[in-house]
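**Q** build me a model:
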Amino acid sequence: MNIRISTEALSGTSQALLWPGALYGLKRLQTFDHKLYFLNEDLSKQQQELINNELITPVTSFSDEIDLQVIAEKNKLKAIDDNGSQTETAENWVELSNKICFPTRKASKQRTTAETDINISLNLDGSGQSNISTGLNFFDHMLEQIAKHGLIDLDLSCDGDLEVDEHHTIEDVAITLGETINKALGKKIGIQRYAFALPMDETLATVALDFSGRPFLKFDGSFKREMVGDIPTEMIEHFFYSLAINLKATLHIDVEGENDHHKIEGCFKGFARCLRAAVSRNERNLNVLPSTKDLL
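**A** Below is the predicted model:
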């Protein structure tokens with residue numbers, strides 16, 4: 001990626017030092033083959049020496065194709081894409097370089113039918129914050145498990161035909177949630193792809209997930225109660241079926257135990273931990289698509 005950096009985003013307020021974390025951040029971006037454009041001569045001699053000592057070398061001529069600009073504004077670093085939209089903000093270069101190497105994966109989706117009206121916004125790289133309202137209290141609690149234990153920020157609202165029954169609301173939320181996660185994943189480059197986990201008291205929920213591109217669900221488990229809270233237990237398997245199909249993922253869930261509340265919660269928590277691990281990224285596989293087919 002071609003990155004143009006303003007002098008202010010490098011020098012900050014001091015003529016002797018650089019913006020906090022600049023040497024680490026620039027070095028890291030260069031390590032991952034990003035081309036850095038900045039005017040070395042506009043920096044003070046001390047600042048130039050600091051950069052030269054770290055063997056950080058800017059490209060001498062500006063490219064016509066700049067993918068990202070980094071500017072300083074109100075004591076913060078801001079990254080702006082080629083469409084002029086601010087993509088990232090950070091207080092230092094360590095944080096900003098991490099966000100550039102691992103861009104925040106967000107997506108939103110609205111789905112309206114004659115039966116439900118659903119809005120979902122999520123951030124796969126969030127902290128587990130959620131604001132969920134489906135009209136079904138127990139279902140909201142289970143979706144909160146996905147956000148909390150998956151470290152996904154999730155805003156989800158559903159206005160469904162609950163006067164008919166719970167089916168359309170649970171099914172359509174699963175469909176839209178799967179589509180939104182898939183949208184946020186994009187080309188899936190750099191993800192771990194596989195994950196596995198979850199004991200919960202007397203319950204053992206085993207969940208395995210693969211973003212294979214081949215949708216499939218295998219669900220082994222049964223419930224004694226017809227209802228838990230305000231959702232029918234028959235909808236649990238159907239929720240995960242609708243989710244797996246629209247995630248285009250292979251999902252296996254095996255749950256055993258005595259308490260139906262624990263069993264359902266174990267399934268949702270186990271799925272959340274699998275999802276968290278499967279979508280995670282690290283520097284070792286930054287540009288790697290984990291498939292010999294080069295397609296997921």
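**Q** only C-alpha atoms from now on, for both contacts and neighbour counts.
**A** Noted.
**Q** and residue 104, backbone torsions?
**A** Recorded main-chain torsions at residue 104 are phi -60, psi 130, according to degrees, to the nearest 10.
**Q** residue contacts, it?
**A** Residues touching residue 104, when contacts are defined by Cα atoms under 8 Å, 6 or more residues apart in numbering, comprise 123-125.
**Q** and what of residue 43?
**A** Contacts for residue 43 (Cα under 8 Å, 6+ apart) come out as 7, 11, 15.
**Q** any of the residues you listed buried? List them.
**A** Using 16 or more other Cα atoms under 10 Å as the burial test, the contacts of residue 43 include 7, 11 as buried.
**Q** which one of the contacts of residue 43 is nearest residue 248?
**A** Proximity of the contacts of residue 43 to residue 248, judged by Cα to Cα, is greatest for residue 7, which lies at 45.1 Å.
**Q** pretty sure that closest one sits against residue 39.
**A** Yes. The pair residue 7 and residue 39 qualifies as a contact (Cα atoms under 8 Å) at a distance of 6.9 Å.
**Q** just to revisit the earlier point, can I get the contacts of residue 43 in CSV with secondary structure?
**A** As requested, the contacts of residue 43 are arranged in CSV below (DSSP: H, G, I helix; E, B strand; the rest coil):
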residue, secondary structure
7, helix
11, helix
15, coil
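**Q** ok, the contacts of residue 43 vs residue 81, which is closest?
**A** Residue 81 lies nearest to residue 7 out of these, by Cα to Cα, at 17.8 Å.
**Q** so what's residue 219 scoring on pLDDT?
**A** In the prediction, the pLDDT value recorded for residue 219 is 98.
**Q** repeat that for the one 3 residues further on.
**A** In this prediction, residue 222 carries a pLDDT score of 96.
**Q** you'd agree it is in a helix?
**A** No. When three-state DSSP is applied, residue 222 is found to be coil, with no helix at that position.
**Q** nearest the geometric middle of this protein, what residue?
**A** Within the chain, one residue has its C-alpha closest to the average C-alpha position: by Cα atoms, centre = their mean, that is residue 124, at 1.6 Å.
**Q** number of nearby residues for the residue nearest to that one when sequence neighbours are not counted?
**A** Take residue 124 and drop its neighbours on the chain: the residue closest to it by Cα to Cα, 6 or more residues apart in numbering is residue 152, 4.8 Å away. Using other Cα atoms under 10 Å, residue 152 is surrounded by 25 other residues.
**Q** thought residue 152 was touching residue 121?
**A** No. Using Cα under 8 Å as the test, residue 152 is too far from residue 121 to be in contact (10.3 Å).
**Q** quick check, pLDDT for the spatially closest residue to residue 202 that is not a sequence neighbour.
**A** Counting by Cα to Cα, 6+ apart, residue 257 is the residue found nearest to residue 202 once chain neighbours are left out, at 5.6 Å. The score at residue 257 is 95. That number is its pLDDT.
**Q** now do the helices in the stretch 51-200 of the chain.
**A** For the stretch 51-200 of the chain, the helices defined by DSSP state H, counting those that start in this stretch cover 93-101, 137-150, 167-185.
**Q** now these as CSV including mean neighbour count, distance to residue 56 and mean pLDDT?
**A** What follows is those, written out as CSV (neighbours: other Cα atoms under 10 Å; distance: least, Cα to Cα, whole Å; pLDDT from 0 to 100):
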stretch, mean neighbour count, distance to residue 56, mean pLDDT
helix 93-101, 19, 14, 93
helix 137-150, 21, 37, 97
helix 167-185, 21, 32, 97
